[in-house]
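Asker: have a look; sequence and predicted model below, questions after that.
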Amino acid sequence: SAARAILQLLPLNAPYAQERLSKHFDVIELWKEADPKSVIAERKDNIEVVVTSAMTPTPADLIDALPQLKAICSQGVGYDAIDVKHAQGKKILVSNTPEVLNDCVADLAFGLLLATARKLGHAERYVRDHQWGTDAAFPLGAKVSHKRLGIVGLGRIGMAIAQRAAGFDMDIRYHNRSERIGISYGYEASLVDLASWADFLIIATVGGDSTRGLINAEVLKALGPNGIIVNISRGSVIDETAMVNALASGELGGAGLDVYEAEPKVPDALKSMDNVVIVPHIGSATNETRKAMIDLVLDNVDAYATTGKVITPVPAL
Ligand code: 8YV
């Protein structure tokens, strides 16, 4: 058909999503297609919009295969899985879903910090394994309140984490590429200095090439044998091999992790460490937040259809 079309790479789990997408477009549900490549080739001259997610690769070769593409609307705040530079170079709009997930991602960051410091995963296993009341006393954890928290990446989510930390009477400092004006938290230009100062380090920065391997062996060593690292951003920000080695040797105290270098692969070594809490990329995974994210994707698609603009464009790279 000659109608305008959306290439939808993944399902949006809301009962009204397909109806809303179909309002202005033919919707190609690519995940249902046995031969996606030939569907794209057949429909390429109609496809104006790609609907994707933070976890769904949207590479340059897909963008180049769609000569009429005008907008990429993604579910998720992170856009490292999309070749944004390439899209923007071709004047294609890219939208993400900022703000609506700040609370839930910050809540999970704090959950991971508490779970790791207070050994909640280990404690749960101890009770479930009928060890309570046996000779082996459960080991002591680390106090969280009144401790020093370093935040790497004080953006929207980092600020929501800092708010929660204030409720725990924590001393807060942060590292960004540059100091933020009008922010009362102390700035550390050096990540190693921030890590040596901090008891706990929470990673809330963007993913992608600009932060790849930012948390290296030196930073982890500076955080130290009693230090805990929490990552709710992207696995690529931490040198995972260096982290596993630091945890195994005792140079690093513990880790609370939502994200990994090669999801859904989690290094096996982590699974046998009791000082590590590992969860499967669930930062935004609540009914309320996922609905808000889907609604924002649908609003961006509507806005593109009716005004030629998107509501929440990603920054120009
Ligand atoms: C994913 C995320 O979007 O927002 C992000 O950047 O990583 C997550 O919230 C989520 O897995 C849904 O795609």
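Answerer: Done, it's in. Numbering: from 1, shown residues only.
Asker: do you know the pLDDT at the residue nearest to residue 269 when sequence neighbours are not counted?
Answerer: Once flanking residues are discounted, residue 269 sits nearest to residue 244: 4.9 Å by C-beta to C-beta, 6 or more residues apart in numbering. C-beta here means a position set from N, CA and C on the backbone, and glycine is covered the same way. For residue 244, the pLDDT comes out at 98.
Asker: how about the helix or strand residue 244 falls within: buried residues?
Answerer: Secondary-structure assignment from DSSP states H and E places residue 244 in helix 240-249. Across helix 240-249, burial judged by 16 or more other C-beta atoms under 10 Å covers 240, 242-244, 246-247.
Asker: paired strands for the next helix or strand after that helix, with orientation please.
Answerer: For helix 240-249, the following helix or strand on the C-terminal side (DSSP H and E) is strand 254-257. Paired strands of strand 254-257, with direction, are strand 228-231 (parallel), strand 276-278 (parallel) (DSSP bridges).
Asker: residues in contact with the first one?
Answerer: By C-beta atoms under 8 Å, 6 or more residues apart in numbering, the list of residues contacting strand 228-231 from outside reads 109, 112-113, 116-117, 142, 199-203, 215, 220, 223, 237-238, 243, 252-259.
Asker: torsion angles phi and psi at residue 209?
Answerer: Phi and psi for residue 209, reported as degrees, to the nearest 10, are phi -60, psi -30.
Asker: is residue 256 in a bridge, and if so with what?
Answerer: Taking DSSP bridges as the rule, residue 256 bridges to residue 230, residue 277.
Asker: burial count for it?
Answerer: Residues near residue 256, counting by other C-beta atoms under 10 Å, number 28.
Asker: isn't residue 45 up against residue 67?
Answerer: Yes - counting by C-beta atoms under 8 Å, residue 45 touches residue 67, with 6.7 Å between them.
Asker: overlap in contacts, these two.
Answerer: By C-beta under 8 Å, 6+ apart, no residue touches both residue 45 and residue 67.
Asker: leaving out chain neighbours, which residue sits closest to residue 54?
Answerer: Nearest residue to residue 54, sequence neighbours excluded (C-beta to C-beta, 6+ apart): residue 76, at 2.5 Å.
Asker: where does the one you found land on pLDDT?
Answerer: pLDDT at residue 76 comes out at 98.
Asker: for residue 256, same thing?
Answerer: With respect to pLDDT, residue 256 scores 99.
Asker: need the contact list for it.
Answerer: By C-beta under 8 Å, 6+ apart, residue 256 lies in contact with 112-113, 115-116, 228-231, 276-277.
Asker: contact partners of stretch 246-255?
Answerer: Residues outside stretch 246-255 that contact it (C-beta under 8 Å, 6+ apart): 116-117, 142, 217, 220-221, 223-231, 243, 245, 269-270, 273, 275-277.
Asker: and the end-to-end length of that stretch?
Answerer: Length of stretch 246-255, first residue to last, C-alpha to C-alpha, to the nearest Å: 10 Å.
Asker: please state the offset of it from the chain centre?
Answerer: Put simply, stretch 246-255 sits 23 Å off its chain's centre (C-alpha atoms, centre = their mean, to the nearest Å).
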